[in-house]
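Colleague: quick check, what structure comes out for this input:
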Amino acid sequence: MFGKLVSILKSSGSTIGMVSQETTGGKFVDEWVAEFAASKPSFTEADFGPVLSRVLAVKDDSEIKYEKTASGLCTAVMRDYFIDEMADTFDQEKSITNEKMADRIAAVLSSDKLAKKLFSKVPMLDMAEWSAQPLVLSGGQYDLSHDAESSTALLNAGTVVCTLSMRYFMYNATISRTFMIDPSPDQDKNYSFLLELQKKMLGWMTPGESMGAVQAKAAKYVQDQRPDLTANFVADCGGVTGIEMRDGVHTIAPGNSELLQANMVIALRVGLQDLINAKATDKLSKAYAYQLIDTVVVKEGDAAAEVLTSCSKEPNDVSFFFNEEDTTTGAKPDVKREAKADTKREGNGAGARPSTRKSAILPSKFRSEEKDDESTTRKRREHQKELLSRLLVEGRRRFAGEEGDDGEETRVVKKFESYKRETALPREVRNCKILVDERADSIVLPIYGMAVPFHISTLKNISRNDEGEYVYLRLNLVSPGQGVGKKDGLPVEDPGNTFVRSLTFRSTDIARMNEIYQSITALKRDQIKRETEKAQLADIVQQDRLMPTVGQRPARLPDVFMRPVAEGKRFPSALEIHSNGLRYMAAGRGAGSAVDILFNNIRHLFFQPCDNELLVLIHVHLRNPIMLGKKKIQDIQFYREASDASFDETGNRRRRIRYGDEDEIEAEQEERRRRRQLNKEFKEFAGKIAEASNHEVEVDTPFREVSFNGVPARSNVLLQPTVDCLVHLSDTPFFIITVADVEIVHLERVQFGLKNFDMVFVFKEFKRAPVHVNTVPMTQLDNVKEWLDS
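Modeller: Reported below is the predicted structural model:
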């Protein structure tokens, strides 16, 4: 085929037209390039791009109809969606980045609800799409180039520029509007001048006028009317649009001699950049820019160009005033009144401190203390806003795919193989009866005289019913689309496949059918048990081997108990520090068995003294679980009891002779001394562990002074913050949450009249279930907030 095409080209002449600015690729193109390479030297290449652009620049009636529809799409999104979203964001003081706002705009087409609301009159809406990602600019960063992108900075209530480009049946249209929040008189003056300039340019765009001349007239108008804006005027004033979003030949740029023709569709742009608002109080609002883009069509004769994007751009329609009292009267805002309003809003918010005072006695006799509380609350609120903005930026980066995490779980099609070949089937299948093959984990069913094997994993459940003299066995199989359960969204390799959902067999042999039912039930039960065990052990990582200390005796902590207990009764043993980890030699029934913990598998190491506790302990929280006997564990604790119950004083001679207050005082002093000794011994050993690991593992100690009560499991326990975690180590089950893993903490039931509230920890890894801590006393709300904020 390509050879015939080359022959036709040779017979047509030696000059061949090429579109030099276009680059193509693919298998088809590669084959053509290889075929044409031998004949290419005999041809002279000429750039055909400008000629093709002139042919495509003038639109017929059907093309103009598509352009009008695309312009209507842009107008609807700008007028009926973006303006409301932006105003609502500023009015409710929400924090959102420019890029996130652009993503919300882009999601309009994929939302059935919004699409039905905005584009109800557009036929064949599936032919509409975005030509380019929506552009939102604010906060002093204004890139008016054609390849600009929305920044990750927060949407700022100063000057906002929004640009939208959409296409319908491949015909493009563009609209851009500038919105001003609390503009100064100079900003109003500059915008009104830009709007007047655009109206002038619409009148100059008549057939026969060169595009360069239109741009020159615009530049001269700026120089004559506002010479102070000459340096700020954007020289590129747009160009022809259509199948190509931007035609590189027909541009309204300096020196372009291409002539305007009737029915040309042009994206007309006027802009002012690098402007300075000297009266701005916010540094992000000091620099600003204006841009107006409309899709217009050149008309016959001397008529002005017709604007297709009909979204209003008058100053009154693009200006928003959130501080109207200050801007109209020129008076300074009433700081006291604003502060009182802020305090009132705080009192109505969920984060406000409930007023639980039931006495006429004031909690403080100094007004300064109340002011300190208000300033602390205000600082905490401002810090939370900063954290929220940072969280939004990080979340956008995570779910945009930059870190490879799109937040979605990839599901894999599971394939099961009962037998590799037909000869592997049991001989009993010749009888054409139901056969349960436990060796192959399969059920062989007779279907139309043929033995068809089904792996037990494909069986959902089995039921047995007696009706008269018959016994019915119904086998329900796993298949996609069975309802709203967890298996509803099973992945399908080929959507065109047909799935068998259930099979029913009947027989008068009751004993035989009961035997089959029992066998299948047992086989399914064993399969579920294996799958459950496999899932539980999925995150078990094989540890490296422990390297014992050679040439010297390892540091030891004697007579400590371990939790959880490996086997049988608990017996004290020694914890040793070796070259790359810890070893605990079990005593008692499991004597000789060792529990090894490597330093590279320790995520947190806690030392909790026995002050106000019954135990002094060293707690190890692992990165990856290990097997202890038949149990999977992620927390191991080594402790020694500090209570008097472990000391027998009945045989003490002085105890029999002396009794009374002196004896009690001596006993208390002895207990304090013993507790100090235990704390010192365990703390020094924890420090040796950190040194042996080259400080890869650091010792963390709970802060009891900022602790609070809560119910993380079944009982009310004392939760103590550490540098990196929130922990409860005194009793089982242990409770450890790493603060770095938490994305947000939600405080529930914080309202007047309740004595308790709840906390919900939501993790950055959304596949991990949130953790609830219930029944936290309301009196500790401020302490909890202060700790979370810090």
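Colleague: how about the helices in the stretch 101-250 of the chain?
Modeller: 112-118, 185-204, 211-225 (DSSP state H, counting those that start in this stretch).
Colleague: export the ones you listed as CSV, with columns for mean neighbour count.
Modeller: C-beta coordinates here come from the backbone N, C-alpha and C atoms, glycine included. Shown next, in CSV, are the helices of the stretch 101-250 of the chain (neighbours: other Cβ atoms under 10 Å):
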stretch, mean neighbour count
helix 112-118, 13
helix 185-204, 17
helix 211-225, 17
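Colleague: and of the ones you listed, who's closest to D294?
Modeller: helix 185-204 (7.4 Å; Cβ to Cβ).
Colleague: can I get the helices of the stretch 101-250 of the chain in a markdown table with mean pLDDT and distance to D302?
Modeller: Below are the helices of the stretch 101-250 of the chain laid out as a markdown table (pLDDT from 0 to 100; distance: least, Cβ to Cβ, whole Å):
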| stretch | mean pLDDT | distance to D302 |
| --- | --- | --- |
| helix 112-118 | 85 | 36 |
| helix 185-204 | 93 | 9 |
| helix 211-225 | 94 | 14 |
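Colleague: and of these, who's closest to A46?
Modeller: helix 211-225 (23.4 Å).
Colleague: show me what the closest one is packed against.
Modeller: In terms of contacts (3 or more Cβ pairs under 8 Å, 6 or more residues apart in numbering; DSSP states H and E), helix 211-225 is packed against helix 185-204.
Colleague: C-alpha coordinates for the helix it packs on, CSV please?
Modeller: Extracted as CSV, the C-alpha positions of helix 185-204 are listed here (Å, rounded to 0.1, in the frame of the first residue of the first chain):
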residue,chain,number,x,y,z
PRO,A,185,-10.7,52.9,43.3
ASP,A,186,-7.5,52.5,41.3
GLN,A,187,-8.3,48.9,40.6
ASP,A,188,-11.8,49.8,39.5
LYS,A,189,-10.3,52.5,37.2
ASN,A,190,-7.8,50.0,35.6
TYR,A,191,-10.5,47.3,35.1
SER,A,192,-13.0,49.8,33.5
PHE,A,193,-10.2,50.9,31.1
LEU,A,194,-9.5,47.3,30.1
LEU,A,195,-13.2,46.7,29.5
GLU,A,196,-13.4,49.8,27.3
LEU,A,197,-10.3,48.6,25.3
GLN,A,198,-11.9,45.3,24.6
LYS,A,199,-15.0,47.0,23.3
LYS,A,200,-12.8,49.2,21.0
MET,A,201,-11.1,46.1,19.6
LEU,A,202,-14.4,44.4,18.8
GLY,A,203,-15.2,47.4,16.6
TRP,A,204,-11.8,47.3,14.9
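Colleague: ok, and what's touching that helix?
Modeller: 159, 178, 180, 183, 213-214, 217-218, 221-222, 225-226, 229, 237, 268, 270-272, 275, 277-279, 288, 290, 292, 294, 296, 304-305, 307, 313-315, 318-319 (Cβ atoms under 8 Å, 6 or more residues apart in numbering).
Colleague: export the helices of the stretch 101-250 of the chain to JSON lines and append columns for distance to M264.
Modeller: Shown next, in JSON lines, are these (distance: least, Cβ to Cβ, whole Å):
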{"stretch": "helix 112-118", "distance to M264": "28"}
{"stretch": "helix 185-204", "distance to M264": "13"}
{"stretch": "helix 211-225", "distance to M264": "10"}
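Colleague: F708 is nearest to which of those helices?
Modeller: Taking those one by one with Cβ to Cβ, helix 112-118 is closest: 43.1 Å.
Colleague: D466 is nearest to which of the helices of the stretch 101-250 of the chain?
Modeller: Across these, closest to D466 is helix 112-118 (Cβ to Cβ), at 49.4 Å.
Colleague: what residues does the closest one touch?
Modeller: Applying Cβ under 8 Å, 6+ apart, the contact partners of helix 112-118 are 76-77, 80-81, 108-109, 125.
Colleague: quick one: it to chain centroid distance?
Modeller: How far helix 112-118 lies from its chain's middle: 25 Å, per Cα atoms, centre = their mean, to the nearest Å.
Colleague: using PDB, list the CA coordinates for that helix.
Modeller: The C-alpha trace of helix 112-118 is given here as PDB (Å, rounded to 0.1, in the frame of the first residue of the first chain):
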ATOM      1  CA  ASP A 112     -24.400  13.800  36.400                       C
ATOM      2  CA  LYS A 113     -26.100  16.100  38.800                       C
ATOM      3  CA  LEU A 114     -24.100  19.300  37.900                       C
ATOM      4  CA  ALA A 115     -24.200  18.400  34.200                       C
ATOM      5  CA  LYS A 116     -27.900  18.100  34.200                       C
ATOM      6  CA  LYS A 117     -28.200  21.400  36.000                       C
ATOM      7  CA  LEU A 118     -25.800  23.400  33.800                       C
END
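Colleague: oh, and call the first residue 294 from now on, that's how I've got it
Modeller: Renumbered: residue one is now 294, and that last one reads helix 405-411.
Colleague: so which of the helices of the stretch 394-543 of the chain gets nearest S335?
Modeller: S335 lies closest to helix 504-518 among those, at 37.7 Å (Cβ to Cβ).
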